[in-house]
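Enquirer: Turn this into a structure:
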Amino acid sequence: MRFDVITLFPELIAPFTQAGIVRRAFDSGQIVLRLWNPRDFAEGNYRRVDDRPFGGGPGMVMMAEPLARCLQAVRADRGEAGGEQAPVVLFSPIGDTLRHQAVERWAASSGAVLICGRYEGIDQRFIDRYVTHQISLGDFVLSGGEIAALALIDAVARLQPGVLNDEGSHQFDSFNPAVDGLLDCPHYTRPEAWEGESAPAALMSGHHAQIERWRRDQRLALTQRHRPELIAAARASGLLDRADEAFLAQQAPADRA
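Expert: Down below sits the predicted model:
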């Protein structure tokens, strides 16, 4: 799998490959990450990549030509001259919100070219001609697409075989539709008592069925309280059993709000 990131600030991306548990995905070669600066493909002494917007207004707009030249260099390096071309992803407020299902699709893909915009945006002509997917992290604005690119790459990297210490640990991540799409349960570790509060007795019981039931109930309660639409989706998909429904029925009205 290969990701090519087109960014004016490659120094924001490069350290990511050598930090944290996802480093294994890069060290093993499961994910190849290449960084490209469109300024290297701009003309003139100043290597200009932006200009004032037509029609006036604040800020600057990234020019289409340096981005197009950069993308062509990426495609040549990927050997795509006459074959299938990798998807071109732009991180944008109008894009589809990144969700677990989409991460799983990207994790099973051969990668993509990621475009990190800056300033007021990118010349729409480049977007219309080259961009195949647009992705958003949510209803807020970042100063550039680098954080969004890192979020996607991180989410994809941790799903690669061997990256996590426990191969099954991601199966119960929040939002995983392969299980039920619910939020994860709370977690506790040593010491058993901390600042006058004890860890839940069920987790200390050594009774595996009791532990699993407690965790399941906590997942249901948290999801019902904070993301009730996920409960509705799990119910519609037949992923809640009688014990789940009985627990939910016992929750206080405030928890069901």
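
Enquirer: Give me the domain ranges for the protein.
Expert: As assigned by automatic domain parsing, the chain contains the domains 2-157, 175-256.

Enquirer: show me where pLDDT drops low in the stretch 51-200 of the chain?
Expert: Residue ranges of the stretch 51-200 of the chain with pLDDT under 70: 165-175, 177-178.

Enquirer: that older thread, closest one to Val163 among the domains of the chain?
Expert: Between Val163 and the domains of the chain, the tightest spacing by CB to CB is seen for domain 2-157, at 4.8 Å. C-beta here means a position set from N, CA and C on the backbone, and glycine is covered the same way.

Enquirer: Break down the stretch 1-150 of the chain into its helices, ranges please.
Expert: 23-27, 64-77, 100-107, 124-130, 146-157 (DSSP state H, counting those that start in this stretch).

Enquirer: and among those, the most buried is which?
Expert: Ranked by mean neighbour count, these are led by helix 146-157 with a mean of 21 (mean count of other CB atoms under 10 Å).

Enquirer: Quick check: next helix or strand after that helix?
Expert: Sequence-wise, the next helix or strand downstream of helix 146-157 (DSSP states H and E) is strand 193-194.

Enquirer: Export the domains of the chain to TSV and append columns for distance to Val163.
Expert: Below are those laid out as TSV (distance: least, CB to CB, whole Å):
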stretch	distance to Val163
domain 2-157	5
domain 175-256	16
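
Enquirer: deepest of those, which one?
Expert: domain 2-157 (a mean of 16).

Enquirer: So for that domain, first residue to last residue, what's the gap.
Expert: Between the opening and closing residues of domain 2-157 there is a gap of 11 Å (CA to CA, to the nearest Å).
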